[in-house]
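**Q** no sequence on hand, only this structure:
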């Protein structure tokens, strides 16, 4: 209903706000302002107030935002106040780094199964949960049997589209893709890309000419 | 002068456009439209036209954009039509994946030196260029002597701030940070964060409740 009318670009900024609020909580802070958040994030305070106003009234003029309250509200809006099961495909260096990353669990995500199609990876334990890497041939069945909706692709580019298709056919609705290709998926499936080049290129604009 | 007035959020979208144009070129395409780009990227065509209009007139009403021309123009605007030397700090699984990534060179970046402070990493060759990992104690001197302005941090969170300080003191002006902390840097230094949690969290909003 109403939530369909909120622009995706606004939704895209909420995790950034959530992240900043998490750091403020870690610093022991209790109150912040759109001005402070904006300064930290390089976003105007007006933009932050406008984004948050889509979802209700979170702060009072002059007193700022209660950090814990806003943090919990954003977690609820983004549905990361619950735990999403995740499949990870690709057990190379990148997959290993992702499986070792401790930051998913506190943020709403739990990698439940890891897949690779290389014999030297399959059957070995990996990551913070010591998950035994399964052959990629078991990917679809695992997703279906556990009702998993979130997938991470950390395969070489040439394998990523086939993996995405298997994920989608089995029921995945959200894919985080590290492979440097654009995935073709049905319109009801979301894809986010992790691309270091995009991050680097948006900074060079500001660098002095060599 | 004029370029200072272009919002950072617009600059931030240009690498995404560049990336999409690169894929179109790889597909052998020659002409595209703001509508097609928008559909591929989930951005409105009006937004794309408005963003590009900051930099000049790139397409004609009704005939669309010449893909190669727009690609080269964006590369020039973002200053990635030249090669930027990059230092990488962190030679763990993530650092290895970054050093192995073949996608930097064609996009304006060349990792020139890799650093780690662990004895079992230092002195060993790594990545597509077989760079010998140097001790992190040599980071500042390497940056200074080669005039390097771009750094990538792939260290554990607790080491990242010290690495950033060394980078900045030696002359780095743009940092791509994979470590899950907010870096404190002078206002003339840019930081971009690579955070898989942000990518995942912006998709769960759209997922059906479990």
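**A** Structure received. Here the structure is a predicted model, which is why all the values come from computation and not from measurement.
**Q** for the residue nearest the centre of chain A, helix, strand, or coil?
**A** In chain A, the residue lying closest to the centroid (CA atoms, centre = their mean) is residue A:176, at 6.9 Å. For residue A:176, the assignment made with DSSP: H, G, I helix; E, B strand; the rest coil gives strand.
**Q** isn't it up against residue A:151?
**A** Yes. In this structure residue A:176 lies within contact range of residue A:151 using CB atoms under 8 Å: 7.4 Å. The way it works is simple: take the backbone N, C-alpha and C, and place the C-beta from them, glycine included.
**Q** what about the residue lying closest to residue A:126 once chain neighbours are set aside, which SS state?
**A** Excluding its sequence neighbours, the residue lying closest to residue A:126 (CB to CB, 6 or more residues apart in numbering or on different chains) is residue A:99, at 4.9 Å. Using three-state DSSP, the structure places residue A:99 in helix.
**Q** domains in chain A, as residue ranges please.
**A** Residue ranges for the domains of chain A, per automatic domain parsing: A:2-76, A:84-197.
**Q** format the ones you listed as CSV; extra columns: distance to residue B:114 and mean pLDDT.
**A** Shown next, in CSV, are the domains of chain A (distance: least, CB to CB, whole Å; pLDDT from 0 to 100):
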stretch, distance to residue B:114, mean pLDDT
domain A:2-76, 27, 88
domain A:84-197, 13, 95
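**Q** distance to residue B:140 added to those domains, as JSON lines?
**A** Formatted as JSON lines, those follow (distance: least, CB to CB, whole Å):
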{"stretch": "domain A:2-76", "distance to residue B:140": "26"}
{"stretch": "domain A:84-197", "distance to residue B:140": "23"}
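**Q** just those domains: most buried one?
**A** domain A:84-197 (a mean of 19; mean count of other CB atoms under 10 Å in any protein chain shown).
**Q** does residue A:100 really touch residue B:93, like I thought?
**A** Yes. The pair residue A:100 / residue B:93 is scored as a contact, 6.4 Å apart, by CB under 8 Å.
**Q** so what's residue A:171 up against?
**A** By CB atoms under 8 Å, 6 or more residues apart in numbering or on different chains, the contact set of residue A:171 is A:143, A:144, A:147, A:148, A:149.
**Q** out of those residues, name the ones that lie in helices.
**A** A:143, A:144 (DSSP state H).
**Q** which non-adjacent residue is nearest residue A:148?
**A** Nearest residue to residue A:148, sequence neighbours excluded (CB to CB, 6+ apart): residue A:85, at 4.8 Å.
**Q** in contact with residue A:25, which residues?
**A** Contacts for residue A:25 (CB under 8 Å, 6+ apart) come out as A:67, A:68, A:71.
**Q** what angle sits between the helix or strand that contains it and helix B:8-26?
**A** Assigned by DSSP states H and E, residue A:25 falls within helix A:8-26. Interaxial angle of helix A:8-26 relative to helix B:8-26 (axes from the mean of the first three to the mean of the last three CA atoms, to 10 degrees): 120 degrees.
**Q** so which elements touch the helix or strand just after helix A:8-26?
**A** Next helix or strand after helix A:8-26 toward the C-terminus (DSSP H and E): strand A:31-32. Judged by 3 or more CB pairs under 8 Å, 6 or more residues apart in numbering or on different chains; DSSP states H and E, strand A:31-32 is in contact with strand A:64-66, helix A:67-77.
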